[in-house]
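Asker: predicted model follows, preceded by the sequence.
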Amino acid sequence: RSRMARRTTWSRAGLTAVRGRWLLGSAAALVVLLFAGQWCADLLADRWWAGALLPEAAGFVSSVRLLRLTLDAAAVLVGTAWYTGHLLIVHRAIGSVQISRQVANLEIREAVTPATLLPLALGIGVALGLIAGMGSGREWPVFALAWQGVTYGVTDPYLHKDVGVFVAQLPLWQILHSFARLLTWTAVVVVAALYAALGAIRWQRGRPAMSDHARRHLGFLLAGTALVLAWGFLLTPFEAAAGGVLDSAAWNTLELTTLALGGACLAASAISLLWALRGQHLLMLAGWGVLFAGALVVRMGSPDADPA
């Protein structure tokens, strides 16, 4: 009887899991159909309006709509893959999670297995990817102009680049850098918060302590973040050259500081990798401390600049 009762319980649990997956898949398909229907309706309405004004405009409107959809889809896919990958790495560090359940007047602590938390990690990754990527299609003029390219035949006196680089390519570089900066910094915050909630990062005997898995993950993530910061510093001369006229002394100072900060970012990236592999905590603090101190000094000396 006990075996039959267990089999009955397992079969019921299996049916409940299958039913839950079917309901979740149906809800996701319904949401996709609703968004697809709204997009098609907007496309047809825009084509009708543009065709009423000028027959040739209907094709242009369709091309713009497709470009916006492509940019949104690409940004969402990149963001979803990025966040989901890091959440799966965090998921590997989970042994079990204890949750409290109230049964009558008794409080029972029940262990939740990692397999149960896997759909939650995937759902959070998809949600973060949607938040980070949606709306990227609004920048379609920047992507279209950069793809087409512009040449004026006039060279700027600082970087000796054609002015078309600042008109067409520089805005695209700035958008891509902002997106990369959003992905890296939010991943650092989310991953650190999850490891702290799981106990992989904690205070022990008055000092911070973390597991090897968490340290390696955060170390590699911070190494990538430092490279993104270096990218931002290397864009600063282009932004300064496009923004206004600088004298020779100011330009030389700007080049020197951006190269120094870019080198500090590369050093911080290498130190982060070393910390991930060997756990050199003091070296890690010193490297990032020098980087933040230098960025703060540059920021205070040039309030209009955005060094990051």
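Answerer: In hand now; what should we look at?
Asker: what about the helices in this protein?
Answerer: Here the chain has its helices, by DSSP state H, at 2-53, 57-92, 114-133, 140-148, 163-164, 170-198, 212-243, 248-278, 281-301.
Asker: of the ones you listed, which is nearest V154?
Answerer: V154 sits nearest to helix 163-164 of all the helices of the chain, at 4.7 Å, using C-beta to C-beta. Where you see a C-beta, it was placed from the backbone N, CA and C, and this is true even at glycine.
Asker: so what touches that closest one?
Answerer: G149, V150, T151, Y152, V154, T155, D156 (C-beta atoms under 8 Å, 6 or more residues apart in numbering).
Asker: how about the residues you listed in TSV, adding neighbour count, distance to S272 and pLDDT?
Answerer: Shown next, in TSV, are the contacts of helix 163-164 (neighbours: other C-beta atoms under 10 Å; distance: C-beta to C-beta, whole Å; pLDDT from 0 to 100):
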residue	neighbour count	distance to S272	pLDDT
G149	12	36	85
V150	14	38	86
T151	11	40	88
Y152	11	41	88
V154	9	42	87
T155	12	38	87
D156	14	35	86
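Asker: neighbours of V165, how many?
Answerer: 21 (other C-beta atoms under 10 Å).
Asker: what's the pLDDT at it?
Answerer: Per-residue confidence (pLDDT) for V165: 92.
Asker: give the contact list for the closest residue to it other than its chain neighbours.
Answerer: Among residues not flanking V165 along the chain, F238 sits closest, at 7.7 Å (C-beta to C-beta, 6 or more residues apart in numbering). Residues in contact with F238 (C-beta under 8 Å, 6+ apart) are L159, V165, F166, L170, W173.
Asker: so how far is V163 from F238?
Answerer: The gap separating F238 from V163 is 12 Å, by C-beta to C-beta, to the nearest Å.
Asker: next one: A230
Answerer: 26 Å.
Asker: these two - which one has more neighbours?
Answerer: Shown here are A230 and V163; by other C-beta under 10 Å, A230 has more neighbours (21 against 16).
Asker: the more buried one reaches G262, doesn't it?
Answerer: Yes - between A230 and G262 there is a contact under C-beta atoms under 8 Å: 4.7 Å.
Asker: rounded mean pLDDT for stretch 204-219, please.
Answerer: On average, stretch 204-219 scores 83.
Asker: partner residues bridging R202?
Answerer: Beta-bridge pairing of R202 under DSSP bridges involves A209.
Asker: what's around it, how many residues?
Answerer: For R202, using other C-beta under 10 Å, the count is 13.
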